[in-house]
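Colleague: Here is a sequence with its predicted model. Questions after.
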Amino acid sequence: MICLDDYESKDLLRAMRCRHEFHAKCVDKWLKTKRTCPLCRADAFDGTQRKEELF
């Protein structure tokens, strides 16, 4: 499950390859166990990018 709270101006956001945006700390936690966007399930990694590079 991922947070879908509204963003505030001070929040750090992370944009996925599919262009969906999430709170960075929320999506980073998600990506530790999953390889997809929490909303559309698009692949979060293109095969050349290592998972660690997103954190």
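Modeller: Done, it's in.
Colleague: which residues of the chain fall in helices?
Modeller: 24-31 (DSSP state H).
Colleague: Quick check: which ranges of it have low pLDDT?
Modeller: Scanning the chain with the threshold set as pLDDT under 70 gives 47-55.
Colleague: center of it, which residue is that?
Modeller: A centroid search over the chain (Cα atoms, centre = their mean) returns residue 27, at 3.8 Å, as the residue closest to the centre.
Colleague: Could you give the number of residues near the residue lying closest to that residue once chain neighbours are set aside?
Modeller: The shortest distance from residue 27 to any non-neighbouring residue, by Cβ to Cβ, 6 or more residues apart in numbering, is to residue 14 (5.1 Å). Any C-beta I mention is one placed from the backbone N, CA and C, and that applies to glycine too. By other Cβ atoms under 10 Å, 16 other residues sit near residue 14.
Colleague: Repeat that for residue 29.
Modeller: Residue 29 has 14 neighbours, counted by other Cβ under 10 Å.
Colleague: looking at it, the residue nearest to residue 27 is touching residue 21, isn't it?
Modeller: Yes. Contact status for residue 14 versus residue 21: in contact at 6.9 Å, counting by Cβ atoms under 8 Å.
Colleague: follow-up on the earlier one: contacts only, for the residue nearest to the centre of the chain.
Modeller: Residue 27 is in contact with 2, 14, 16, 38, counting by Cβ atoms under 8 Å, 6 or more residues apart in numbering.
Colleague: any idea how far residue 44 is from it?
Modeller: Taking Cβ to Cβ, to the nearest Å as the measure, residue 27 falls 9 Å from residue 44.
Colleague: what residues do these two have in common as contacts?
Modeller: Between them, residue 27 and residue 44 share the contacting residues residue 16, judged by Cβ under 8 Å, 6+ apart.
Colleague: if I look at the residue nearest to the centre of the chain, how far off is residue 9?
Modeller: To residue 9, residue 27 is 18 Å away according to Cβ to Cβ.
Colleague: buried stuff in stretch 18-37?
Modeller: The neighbour-count check on stretch 18-37 (16 or more other Cβ atoms under 10 Å) flags 22-23, 26-27, 30-31, 37 as buried.
Colleague: Just to check, residue 39 is in contact with residue 20?
Modeller: Yes. Applying Cβ under 8 Å, one finds residue 39 in contact with residue 20, separated by 5.0 Å.
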